[in-house]
Each structure stands twice: as C-alpha cells, then as structure tokens.
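Q: structure here, sequence nowhere to be found:
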C-alpha cells in the first residue's frame with residue numbers, strides 16, 4: 001500500500017489540515033445517509049454504515065443502502081470492504097474481525113484506510129481534484 005498523504009490533499013499546514021480535509025470530504029459524501037453522521041475517524045465509523053454510505057455514494061448500483069441495519073456491523077464492514085476492493089481497487093487494509101472486536105474503531109486505522117480509498121478513487125477518475 002502507498003504511504004503518505006492522499007494525493008491532491010497535500011496543502012500547506014501539514015497533517016492536521018489533510019485530516020480535516022479528508023474528514024470534510026467524507027462528511028460531504030455521506031451527508032443525507034440514514035444512521036451516518038461523520039464527525040471523526042473513530043466512533044463515526046463504528047457501525048460500518050459510514051463506510052457503506054461513502055462507497056454507495058460512488059457505486060449506488062452495488063447494493064441497496066436502505067436495506068442495511070446499524071446493528072449488523074459484521075455485514076456492513078464486510079460489504080463495504082468488499083465493494084472498496086472490487087469496485088475501487090482499494091487494498092484490504094482493514095479486517096472485518098478487527099473492526100467488530102472493538103466497539104470504537106481505531107482512528108489511525110480508519111484514517112489510513114480512508115486515505116487509501118481516496119487515493120484509489122482519484123486514480124480511477126471518480127474524485128475530481130484541482131490541478132496545480
């Protein structure tokens with residue numbers, strides 16, 4: 001897997017700025033999805049629905065978001081990670097078992113995964129970035 005900040009998220013201000021921009025991008029992409037309120041890189045992702053909503057916003061034909069339940073964490077994570085790998089080409093950096101074992105996901109792991117997903121979506125031309 002690639003390392004460092006996601007491409008086109010690099011700006012003056014360092015890691016905190018990149019994190020804020022990535023969080024805002026996730027918030028904007030998942031706005032309006034039921035049971036999703038992205039506020040951070042930990043608890044906001046605990047049910048797996050934020051991952052599903054983010055992926056559904058790019059691949060609405062991949063699955064029926066409305067049929068998902070917040071309590072079906074294992075299913076939600078498995079679905080999201082499978083779609084990310086199949087449709088976006090995202091490396092499987094997170095394990096479903098690791099995500100369901102903890103009530104609140106590790107923020108660094110979620111942040112790293114979202115950077116990779118963003119990078120893959122940019123590479124596929126699904127995220128438009130400003131040229132410099």
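A: Received the coordinates, thanks. This one's a predicted model, so the numbers in the text were calculated from it and none came from an experiment. Residues are numbered from 1 along each chain as shown.
Q: return the residues in contact with residue 42.
A: By C-beta atoms under 8 Å, 6 or more residues apart in numbering, residue 42 lies in contact with 104, 105, 106, 107, 110. All C-beta atoms are positioned from the backbone trio N, CA, C, and that covers glycine.
Q: any idea how far it lies from residue 50?
A: Computed as C-beta to C-beta, to the nearest Å, the residue 42 to residue 50 distance reads 11 Å.
Q: if any of the contacts of residue 42 are buried, give me the ChimeraX selection for them.
A: The ChimeraX selection below is limited to those of the contacts of residue 42 classed as buried (16 or more other C-beta atoms under 10 Å):
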select :105,110
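Q: with secondary structure and distance to residue 65 added, can I get the contacts of residue 42 in a markdown table?
A: Formatted as a markdown table, these follow (DSSP: H, G, I helix; E, B strand; the rest coil; distance: C-beta to C-beta, whole Å):
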| residue | secondary structure | distance to residue 65 |
| --- | --- | --- |
| 104 | coil | 23 |
| 105 | coil | 20 |
| 106 | coil | 25 |
| 107 | helix | 24 |
| 110 | helix | 19 |
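Q: from the contacts of residue 42, pick the one nearest residue 30.
A: Lowest distance from residue 30 to these (C-beta to C-beta) belongs to residue 110, with 13.3 Å.
Q: my read: that closest one touches residue 46, true?
A: No. The pair formed by residue 110 and residue 46 falls short of the contact definition of C-beta atoms under 8 Å, at 9.6 Å.
Q: what lies in contact with stretch 94-110?
A: Stretch 94-110 is contacted from outside by 40-43, 45-46, 48, 73-74, 77-78, 81, 93, 113, using C-beta under 8 Å, 6+ apart.
Q: ok, and for that stretch, which residues are buried?
A: Applying 16+ other C-beta under 10 Å to stretch 94-110 flags 94, 96, 99, 100, 105, 109, 110 as buried.
Q: out of those, the closest to residue 57 would be?
A: Ranked by distance to residue 57 (C-beta to C-beta), those are led by residue 110 at 17.0 Å.
Q: how close does the closest one get to residue 80?
A: In this structure, residue 110 and residue 80 are 12 Å apart, going by C-beta to C-beta.
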